[in-house]
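Chemist: could you look at this predicted model? Sequence included:
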Protein chains: 2
Amino acid sequence: MKKHIIKLSATIVASASVAGRTEAEGPLGSLFDLTDPDDRFDCDTWEKSESEIQRRAFGLALKKSELRACDIGALFAGDLQNQCVGSAYGLLEFDIPYFGLYGACSTSAEGLLLASIMTTHDSVERAAVVTSSHFCASERQYRNPLEYGGQRTPTAQHTVTGAGAFIVGSGGDVEITEGLPGIVIDKGITDSANMGAAMAPAALSTLLRYFEESRLDVDEFDLILTGDLGHEGSEILRDLASAEGLDIRSRHNDCGLMIYDRERQDVHSGGSGCGCSAAVLAANIIPRIARGELSRVLFLATGAMMSPASLQQGQSIPAVAHLIKLERGRIWNR
Amino acid sequence: MKKHIIKLSATIVASASVAGRTEAEGPLGSLFDLTDPDDRFDCDTWEKSESEIQRRAFGLALKKSELRACDIGALFAGDLQNQCVGSAYGLLEFDIPYFGLYGACSTSAEGLLLASIMTTHDSVERAAVVTSSHFCASERQYRNPLEYGGQRTPTAQHTVTGAGAFIVGSGGDVEITEGLPGIVIDKGITDSANMGAAMAPAALSTLLRYFEESRLDVDEFDLILTGDLGHEGSEILRDLASAEGLDIRSRHNDCGLMIYDRERQDVHSGGSGCGCSAAVLAANIIPRIARGELSRVLFLATGAMMSPASLQQGQSIPAVAHLIKLERGRIWNR
């Protein structure tokens, strides 16, 4: 078997999250560093609001780390807007070398993996990762303008309004010890209202590759956290994994399920978007690892790599899932 | 001054280029590995043609290197289509860990920089970079469908139909010895028919940072090659650099100027697109370095990071330029 797991020695120095109103009303609402009651963040278009969310998330992460922009050697960023303009404009005021990424909703893990590679090998001392999404910007780009009032199917997911920002370097409480970049998988799903089904096989592929190569057991992790498969995709992943002899049910959760209360909120199959996994990781998972409530977590952000145009041309939905392994810092080593 | 130059120890093991008809009719026409007389590459939409160009370019690079897909540990790819679907579909058949990038026309250098970092530190043994653009796909996404027959201003550039693919690892004749990631710069240009003016300040920023930190002279390079500033942007860059005390006129050329004959071909200010710098680098520059005709080259691909929507909302055009230093392999060290 080809070896793909990359050994890393990086830590998360600081993280910050910003979220919108629906997210603030969800189960993790009190944990976000900043929320806005009307999702506008003082901007006059939804697209600019998304950039502002990135700007504020990264500003908050810098503040928590007590670092300045010039202390960061590389910035990895991405979002769902065409040409990734949420990131390009949002981070423009920071004079930091900039690597634009496009991994759809997998961008948070893709960025953390690349940032960790760079800091592990001292290509830069510290790197930052910022990813975002905005429900209203996504609706009009991918589906319909909000004013249309379109109805959605039960398998559809609700794009998270939010962002997560991470500063990667040395000295943090949460370590990134391994990474496994995903292989793009396309199992022929063509229903753009069922991204979970398209992304679950990509998550499965990465999980199977990880457990085969690492020879670890599912039980050795406190949490196997997928990015945003939502309800539908999570069920499919658990079933597919089980059929492959990998029972993850006791350990699996999904950022798209955690961020909303599907009983109480009108979010169909759960959350999605580049901001979903990033905000959940920053607001909930990293603090829990830092406090010792979780000691070993596999984080796989999943992304669907199609476009509206590619679906119109009859293509199916390719997907990818990048993995990183997060662990409580071994403080006795410091 | 903050240090940002990244020391690298990678080589280009193989490279390949694919181009369309206008490019085949240009000055470098005989150098491309594969061209197609009608730009369709046997596909029924321009978007699928672009994916096919990527697929063939990477296949050719693999063939030249006598490697198989499973010998490549990471694939960095990107293009200009919304959600970067040119790359996602084009490289789907290869089971290789996939990092999606969005750096607009700077993607080739962004990818080569990240691939070199990974192979320098043995995160993977070999990595590949593939970037593309397609004139017809770009026209209808960014401007007008071809059938409209829109007229263009003299400062407008012509999106290259083409791709370049590179395999990075050890043992090649052309070394990548340094990299400098670009900082996003926005000088307030709002004319989407003058990308050269928007991108020239980004190229200037990266060049000034490079020469300040490296303390090298312009004369120490055989060629300072920008990605695709075209005629307008190249003139602006040379003037701006001169005003900063950096005279690059004797060494500067631009991929957007090299790929077409502006006297003979109707391409306005020259070439652009993620495929422009990649195809020129693969077809012309790397072979010339390998043959010893050039021994030290600075390659800066430049990208304009706006979207049609961001311009409609009154925003100006941010741009970025990533740099790598290419040198003839020090064969006496092998």
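Modeler: Cool, got the structure.
Chemist: in stretch A:178-191, what's buried?
Modeler: Residues of stretch A:178-191 classed as buried: A:E178, A:G179, A:L180, A:P181, A:G182, A:I183, A:V184, A:I185, A:D186, A:K187, A:I189 (neighbour count, 16 or more other C-beta atoms under 10 Å in any protein chain shown). The way it works is simple: take the backbone N, C-alpha and C, and place the C-beta from them, glycine included.
Chemist: how about the secondary structure of the first one?
Modeler: This means A:E178. At A:E178, secondary structure determined by DSSP: H, G, I helix; E, B strand; the rest coil is strand.
Chemist: just the strands in chain A please.
Modeler: Listed in chain order, the strands of chain A (DSSP state E) span A:6-19, A:34-35, A:74-78, A:98-100, A:127-133, A:158-159, A:162-169, A:174-180, A:223-226, A:252-254, A:271-272, A:296-304, A:319-328.
Chemist: adding mean pLDDT and distance to chain B, write the ones you listed out as TSV.
Modeler: Formatted as TSV, those follow (pLDDT from 0 to 100; distance: least, C-beta to the nearest C-beta, whole Å):
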stretch	mean pLDDT	distance to chain B
strand A:6-19	98	5
strand A:34-35	98	23
strand A:74-78	98	6
strand A:98-100	98	4
strand A:127-133	98	10
strand A:158-159	98	14
strand A:162-169	98	14
strand A:174-180	98	8
strand A:223-226	98	18
strand A:252-254	98	22
strand A:271-272	98	14
strand A:296-304	98	8
strand A:319-328	98	6
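Chemist: out of these, nearest to B:N284?
Modeler: With C-beta to C-beta as the measure, strand A:98-100 is the member of those nearest B:N284 (26.1 Å).
Chemist: returning to what we had before: most packed of the strands of chain A?
Modeler: Ranked by mean neighbour count, these are led by strand A:271-272 with a mean of 34 (mean count of other C-beta atoms under 10 Å in any protein chain shown).
Chemist: packing partners of that strand?
Modeler: strand A:158-159, helix A:255-258 (3 or more C-beta pairs under 8 Å, 6 or more residues apart in numbering or on different chains; DSSP states H and E).
Chemist: nearest to B:Q312, of the ones you listed?
Modeler: strand A:158-159 (21.0 Å).
Chemist: spell out which residues of the stretch 1-150 of chain A are next to chain B.
Modeler: Applying C-beta under 8 Å from any C-beta of the partner chain, we find that the stretch 1-150 of chain A lies next to chain B at A:2, A:4, A:6, A:45, A:47-48, A:70, A:73-74, A:78, A:80-85, A:88-89, A:91-92, A:95-104, A:110, A:114, A:117-118, A:120-121, A:123-124, A:141.
Chemist: only the buried subset of the residues you listed, as a PyMOL command please.
Modeler: Of the residues of the stretch 1-150 of chain A next to chain B, the buried ones can be selected in PyMOL as follows, counting by 16+ other C-beta under 10 Å:
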select buried, chain A and resi 4+6+45+47+48+73+74+78+80+81+82+83+84+85+88+89+91+92+96+97+98+99+100+101+102+103+104+110+114+117+118+120+121+123+124+141
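Chemist: in helices only, show me the residues of the stretch 1-150 of chain A next to chain B.
Modeler: A:E47, A:K48, A:V85, A:A88, A:Y89, A:E110, A:L114, A:I117, A:M118, A:T120, A:Q141 (DSSP state H).
Chemist: got any ranges where the stretch 201-334 of chain A has weak pLDDT?
Modeler: For the stretch 201-334 of chain A, the stretches with pLDDT under 70 are A:330-334.
Chemist: same thing but at 50, please
Modeler: Counting by pLDDT under 50, the ranges of the stretch 201-334 of chain A that qualify are A:332-334.
Chemist: helices of that one, residue ranges please.
Modeler: Per DSSP state H, counting those that start in this stretch, the stretch 201-334 of chain A carries helices over the ranges A:230-243, A:255-258, A:274-280, A:286-290, A:308-312.
Chemist: nearest to A:A202, out of the ones you listed?
Modeler: Among the helices of the stretch 201-334 of chain A, if distance is taken as C-beta to C-beta, the winner is helix A:230-243, at 9.5 Å.
Chemist: quick one, what contacts the nearest residue to A:P181 once chain neighbours are set aside?
Modeler: If the residues on either side of it in the chain are set aside, A:P181 comes closest to B:P97, at 3.6 Å by C-beta to C-beta, 6 or more residues apart in numbering or on different chains. Listed by C-beta atoms under 8 Å, 6 or more residues apart in numbering or on different chains, the contact partners of B:P97 are A:H4, A:L180, A:P181, A:G182, A:I183, B:G73, B:A74, B:L75, B:V124.
Chemist: change it to 7 Å
Modeler: A:H4, A:P181, A:G182, A:I183, B:G73, B:A74, B:L75 (C-beta atoms under 7 Å, 6 or more residues apart in numbering or on different chains).
Chemist: how about the residues you listed, which pair is most distant?
Modeler: Between any two of these (C-beta to C-beta), the greatest distance is 12.9 Å, for A:G182 and B:G73.
Chemist: for the spatially closest residue to A:A88 that is not a sequence neighbour, give me phi and psi.
Modeler: Using C-beta to C-beta, 6+ apart and skipping residues adjacent in sequence, the residue nearest A:A88 is B:M305, 3.8 Å away. Dihedral pair for B:M305: phi -100, psi 20, per degrees, to the nearest 10.
Chemist: neighbours of B:M305, how many?
Modeler: Neighbour count of B:M305, defined by other C-beta atoms under 10 Å in any protein chain shown: 29.
Chemist: residue contacts, A:G150?
Modeler: Counting by C-beta under 7 Å, 6+ apart, A:G150 makes contact with A:R143, A:N144.
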